[in-house]
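Enquirer: here you go, sequence then predicted model.
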Number of protein chains: 2
Amino acid sequence: MGFRHEVRLSGTGGQGLLLIGKVLAEAAAVYDGKNATQSQSYGPEARGGASKSEVIISDEEIDYPKATEIDFLLCLTQESCDKYASDVKPEGTLLVDSTYVSSVPEGNYRVFQFPITQKAKDELGSATVANVVALGMISALTSVVSSESIESAILARVPKGTEDLNLKAYRLGRTLVEEAG
Amino acid sequence: MGFRHEVRLSGTGGQGLLLIGKVLAEAAAVYDGKNATQSQSYGPEARGGASKSEVIISDEEIDYPKATEIDFLLCLTQESCDKYASDVKPEGTLLVDSTYVSSVPEGNYRVFQFPITQKAKDELGSATVANVVALGMISALTSVVSSESIESAILARVPKGTEDLNLKAYRLGRTLVEEAG
């Protein structure tokens, strides 16, 4: 059995979950030489705004690209937290944005709660990079993908002219975890 | 057994395959009320520039989001055509951009060859919307997702200020098929 790491990024439409999923998958595959898939499911419920993006990283070819035992779950809304927390595997990790998530279901997982969106507003003047702040926190809380690779993938993927802001957001996320730890 | 339709969009990095995959999946799910997944695989070979995006549309929940029997394959490069043509199921459909693809492997599938990128340049002054021209052709060649839904999803997803160009590109794609048929 090879190494397999499953990440689910959840929240609502417009929070940029697909972008950070893509960055994470590209960082793992293109820069770190692993295999990765990024996927998004849409159902009629997507009308209501629920959104999730999954990234699977492996050292082998990925035959089943849907998350079944989640190692790491990010929740940017209360709804996504209520819906997905129980999918995290025992001793997995749950990162929630306490700007929007006030109660976390109990379970056998590590929970990190930070006011991610509030921090993005206060420190960077922009709530729209909360997704990239979260990516920095994910990077610091796991060691599956190298931080250098993630920075390279950010620079390759974000819109021209926003590279500096996004790098700052990413590094803020890492710092928030490092200072807490 | 419910209805299941598998689409693979293939070419090289930077051709906007993820965008049209996302538009197609959203059109099916958010506007047409079906279930849909969109996924992208990355491997060390992605360094070389090969890129594919898959969309699965179903009237049931999608448990296995990887394409196994492709109903529709789009190839924007020769490399992607050589690599994936054999994955198309019997009597499936293969759409190739003859601007870049000169030879199509023989097989038991319908083949449509159009100079998609060249047409985008000549008619719209922009090769970068070749992906959306291709989406228009896919829409006209299949009837899995309604054209109205795809137009709504395009308007919701393309960068602000490019809506008109992208709608024109989409309609050009549809016209190219209708005129040929």
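Expert: Right, received. Where do you want to start? Since the model is a prediction, treat every value here as computed from it, not as a measurement. Numbers count the residues shown, from 1 in each chain, chains lettered A, B, ... in the order given.
Enquirer: helix or strand: which one has the closest residue to A:Val111 other than its chain neighbours?
Expert: Closest residue to A:Val111 in three dimensions, ignoring its sequence neighbours and counting by CB to CB, 6 or more residues apart in numbering or on different chains: A:Leu94, at 4.9 Å. Every residue, glycine included, has its C-beta placed from N, CA and C. A:Leu94 is part of strand A:88-97, with elements assigned from DSSP states H and E.
Enquirer: name the next helix or strand downstream of that strand, please.
Expert: Downstream of strand A:88-97, the next assigned helix or strand under DSSP H and E is strand A:109-114.
Enquirer: who does that following strand touch, helix- and strand-wise?
Expert: Secondary-structure packing of strand A:109-114 (3 or more CB pairs under 8 Å, 6 or more residues apart in numbering or on different chains; DSSP states H and E): strand A:88-97, helix A:130-141, helix A:163-180.
Enquirer: now do it: everything it contacts.
Expert: Strand A:109-114 is contacted from outside by A:73, A:85, A:88-98, A:101, A:104, A:137, A:141, A:176-177, A:180, using CB atoms under 8 Å, 6 or more residues apart in numbering or on different chains.
Enquirer: got the buried residues for that strand?
Expert: Within strand A:109-114, the residues that count as buried by 16 or more other CB atoms under 10 Å in any protein chain shown are A:109, A:111-112, A:114.
Enquirer: JSON lines please, covering those residues and showing distance to A:Gly21.
Expert: Shown next, in JSON lines, are the buried residues of strand A:109-114 (distance: CB to CB, whole Å):
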{"residue": "A:Tyr109", "distance to A:Gly21": "20"}
{"residue": "A:Val111", "distance to A:Gly21": "21"}
{"residue": "A:Phe112", "distance to A:Gly21": "19"}
{"residue": "A:Phe114", "distance to A:Gly21": "20"}
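Enquirer: I'd say A:Leu73 and A:Arg8 touch.
Expert: Yes - with contacts counted by CB atoms under 8 Å, A:Leu73 reaches A:Arg8, the gap being 5.1 Å.
Enquirer: still on that earlier bit, turn the buried residues of strand A:109-114 into TSV, columns for pLDDT.
Expert: Shown next, in TSV, are the buried residues of strand A:109-114 (pLDDT from 0 to 100):
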residue	pLDDT
A:Tyr109	94
A:Val111	96
A:Phe112	95
A:Phe114	95
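Enquirer: quick one, what contacts A:Cys177?
Expert: For residue A:177 the amino acid is Val, not Cys. With contacts defined as CB under 8 Å, 6+ apart, the neighbours of A:Val177 are A:112, A:136-137, A:140-141.
Enquirer: same thing but at 6 Å, please
Expert: A:137, A:140-141 (CB atoms under 6 Å, 6 or more residues apart in numbering or on different chains).
Enquirer: let me know the pLDDT of it.
Expert: Listed pLDDT for A:Val177 reads 93.
Enquirer: which residue packs closest to it, ignoring adjacent ones?
Expert: Closest residue in space to A:Val177, ignoring its immediate chain neighbours: A:Ala140 at 3.7 Å, by CB to CB, 6+ apart.
Enquirer: likewise for A:Glu69?
Expert: A:Lys89 (4.3 Å).
Enquirer: list the helices and strands the helix or strand where A:Asp71 lies packs on?
Expert: If you go by DSSP H and E, A:Asp71 is part of strand A:70-75. Counting contacts by 3 or more CB pairs under 6 Å, 6 or more residues apart in numbering or on different chains; DSSP states H and E, strand A:70-75 packs against strand A:4-12, strand A:88-97.
Enquirer: deepest of those strands, which one?
Expert: Of all the helices and strands packed on strand A:70-75, strand A:4-12 has the most neighbours on average by mean count of other CB atoms under 10 Å in any protein chain shown, namely a mean of 23.
Enquirer: tell me the angle it makes with strand A:88-97.
Expert: 40 degrees (axes from the mean of the first three to the mean of the last three CA atoms, to 10 degrees).
Enquirer: need the next SSE after strand A:4-12, C-terminal direction.
Expert: From strand A:4-12 onward toward the C-terminus, using DSSP H and E, the following helix or strand is helix A:17-26.
Enquirer: neighbouring contacts of that following helix?
Expert: For helix A:17-26, the surrounding residues in contact (CB under 6 Å, 6+ apart) are A:9, A:11, A:36, A:38, A:40, A:51, A:53, A:55, A:131, A:135, A:153-154, A:157, B:42.
Enquirer: out of the residues you listed, which sit inside strands?
Expert: A:9, A:11, A:36, A:38, A:40, A:51, A:53, A:55, B:42 (DSSP state E).
Enquirer: for A:Leu73, give me its contacts.
Expert: Contacts for A:Leu73 (CB under 6 Å, 6+ apart) come out as A:8, A:84, A:88, A:94.
Enquirer: my guess is the second one contacts A:Ser10. True?
Expert: Yes - counting by CB atoms under 6 Å, a contact exists between A:Tyr84 and A:Ser10, whose distance comes to 5.3 Å.
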